[in-house]
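Asks: Below are the sequence and a predicted model; questions follow.
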Amino acid sequence: MAAVLRRGAKFISFGSSQLLPGGCKHGRTSTLSFFSSSNRNSSSSSKIKVDLDGSTGIAVVKFQSPPVNSMSLDFLTELSISLEKLELDKSCRGVILTSGQPKIFSAGLDILDMYGKNPEHYAEFWKSVQDIWLKLYSYSKITIAGINGSCPAGGCLMAMTCDYRIMADDPRYRIGLNETQLGIVAPFWFMDTIVNTVGHRTAELSLQFGLMYSPSDALKIGLVDQVVPEEKVLSTATETMTQFMAIPDHAREISKSMLRKPTVDRLLAFRDADTKNFVSFISKDSIQKSLGMYLTMLKQRKV
Ligand SMILES: CC/C=C\C/C=C\C/C=C\C=C\CC(=O)SCCNC(=O)CCNC(=O)[C@H](O)C(C)(C)COP(=O)(O)OP(=O)(O)OC[C@H]1O[C@@H](n2cnc3c(N)ncnc32)[C@H](O)[C@@H]1OP(=O)(O)O
């Protein structure tokens with residue numbers, strides 16, 4: 001187990017928490033680009049860039065929220081709007097989620113939205129997390145995650161909502177639900193999602209230890225479907241999308257929906273209770289203290 005936890009990783013410990021292997025620092029600015037060809041339809045909010053190729057029906061949704069694409073309320077709102085527009089757009093048949101930031105797919109939920117705020121903010125934030133999961137887990141179009149960097153916690157959850165996951169073959173990258181390492185508990189629908197992805201026994205170990213997997217280990221347990229050199233992540237995602245597109249949409253869509261509906265319905269049935277649980281859990285002094293220490297450690301960490 002220790003080998004799985006730590007192999008090849010430079011973890012930094014603080015109390016019971018461990019960080020992902022680091023080494024990368026990020027600029028805080030980004031350059032937006034626009035395509036002018038009539039077959040391409042690009043839009044860009046501040047954190048999400050959408051490039052829809054009308055000739056293939058494939059949209060690339062790129063996260064561009066430096067430094068680490070953390071899922072803040074703003075990020076989640078912009079992503080939700082972009083996904084909604086694409087779902088309504090008949091010229092789009094599939095969406096590739098990927099990152100425009102070096103070495104990071106997404107650092108997961110923005111800890112600043114869970115720290116030092118009031119209960120109303122926590123409730124609004126949590127509903128937006130639920131909303132993006134509900135949207136993606138029941139998305140009618142094909143979704144592929146092009147995981148070109150580390151992908152902890154909420155980042156891993158988002159990748160797991162996709163129909164297929166392709167990860168860059170870089171041993172410094174990690175993916176997994178590491179919530180217990182932060183002293184928090186993954187909600188039941190995070191758990192359902194990982195159980196549906198890797199099976200119950202692997203999910204038990206994964207969740208209790210808060211395991212973060214290298215790309216090759218993630219492939220072994222089925223957390224990702226393919227590992228390819230980083231420069232091939234997007235082209236492989238496009239090729240895979242073409243294979244999905246060869247299947248009649250209605251048959252694929254109904255199959256996906258039948259497989260996922262019970263999991264989606266469970267959150268819908270308990271959505272309000274889940275929000276209340278989150279607000280009461282995250283507002284606890286002990287949890288706030290842990291998150292505060294974790295944030296300080298993140299900021300002080302120099303590698
Ligand atoms: C009973 C149950 C009832 C209810 C349920 C209750 C609770 C469940 C609640 C929550 C579930 C949460 C899921 C989550 O997603 S929590 C977030 C988990 N994410 C992490 O642990 C990732 C932490 N980050 C890292 O490990 C690293 O930053 C990295 C590997 C992603 C990137 O490393 P780098 O070396 O490239 O970059 P850094 O220098 O570390 O970071 C740059 C910068 O970004 C800040 N930052 C990093 N991650 C986050 C984050 N998730 N949120 C906010 N900010 C983040 C970091 O502090 C640095 O800031 P400064 O530039 O120093 O200001």
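Replies: Good, I have the coordinates.

Asks: what ranges do the strands span in the chain?
Replies: 13-14, 17-18, 40-44, 48-53, 58-63, 94-99, 142-147, 151-152, 164-168, 175-176, 226-228 (DSSP state E).

Asks: which of these is buried the deepest?
Replies: The highest mean neighbour count among the strands of the chain, using mean count of other CB atoms under 10 Å, belongs to strand 151-152: a mean of 30. Bear in mind the C-beta positions are built from the backbone N, C-alpha and C, glycine included.

Asks: what residues does that strand touch?
Replies: 20, 104-108, 159, 167, 173-178, 212 (CB atoms under 8 Å, 6 or more residues apart in numbering).

Asks: if you set the cut-off to 7 Å instead, what comes out?
Replies: 20, 105-108, 159, 174-176, 178, 212 (CB atoms under 7 Å, 6 or more residues apart in numbering).

Asks: one step back: right, so of the strands of the chain, which gets closest to the ligand?
Replies: strand 151-152 (4.4 Å; CB to the nearest ligand atom).

Asks: Describe which strands that closest one pairs with in its sheet and in which direction.
Replies: If you go by DSSP bridges, strand 151-152 pairs up with strand 175-176 (parallel).

Asks: Contacts for the partner strand, please.
Replies: Outside strand 175-176, the residues that touch it by CB under 7 Å, 6+ apart are 147, 151-152, 156, 159, 167, 206, 211-213, 218, 223-224.

Asks: Among the contacts of strand 151-152, which one lies nearest to the ligand?
Replies: Nearest to the ligand, judged by CB to the nearest ligand atom, of those is Gly108 at 2.7 Å.

Asks: contacting residues around the closest one?
Replies: Contacts of Gly108 (CB under 7 Å, 6+ apart): 70-71, 152-155.

Asks: near the ligand too, which of the residues you listed?
Replies: Subset of these in contact with the ligand: 70, 152-154, counting by CB under 6 Å from any ligand atom.

Asks: Where do the helices of this structure begin and end?
Replies: For the chain, the helices defined by DSSP state H cover 2-6, 73-88, 119-137, 154-160, 188-198, 200-209, 215-221, 233-245, 249-283, 285-300.

Asks: so the fifth one versus strand 164-168, what angle?
Replies: Spelled out, it's helix 188-198. Relative orientation of helix 188-198 versus strand 164-168 (axes from the mean of the first three to the mean of the last three CA atoms, to 10 degrees): 80 degrees.

Asks: Report all helices and strands that helix 188-198 contacts.
Replies: helix 154-160, helix 200-209, helix 249-283 (3 or more CB pairs under 7 Å, 6 or more residues apart in numbering; DSSP states H and E).

Asks: Deepest-packed of the ones you listed, please.
Replies: The most buried one of the helices and strands packed on helix 188-198 (mean count of other CB under 10 Å) is helix 154-160, showing a mean of 27.

Asks: how far is it from where the chain is centred?
Replies: Its chain's C-alpha centre and that of helix 154-160 lie 3 Å apart, by CA atoms, centre = their mean, to the nearest Å.

Asks: As CSV, the strands of the chain with mean pLDDT would be great.
Replies: Compiled in CSV, these are given as follows (pLDDT from 0 to 100):
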stretch, mean pLDDT
strand 13-14, 27
strand 17-18, 36
strand 40-44, 83
strand 48-53, 98
strand 58-63, 98
strand 94-99, 98
strand 142-147, 98
strand 151-152, 97
strand 164-168, 98
strand 175-176, 98
strand 226-228, 98
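
Asks: what does the stretch 51-200 of the chain have sitting close to the ligand?
Replies: So the stretch 51-200 of the chain meets the ligand at 67-68, 70, 103-104, 107-112, 150, 152-154, 178-179, 182, 184-185, 187 (CB under 6 Å from any ligand atom).
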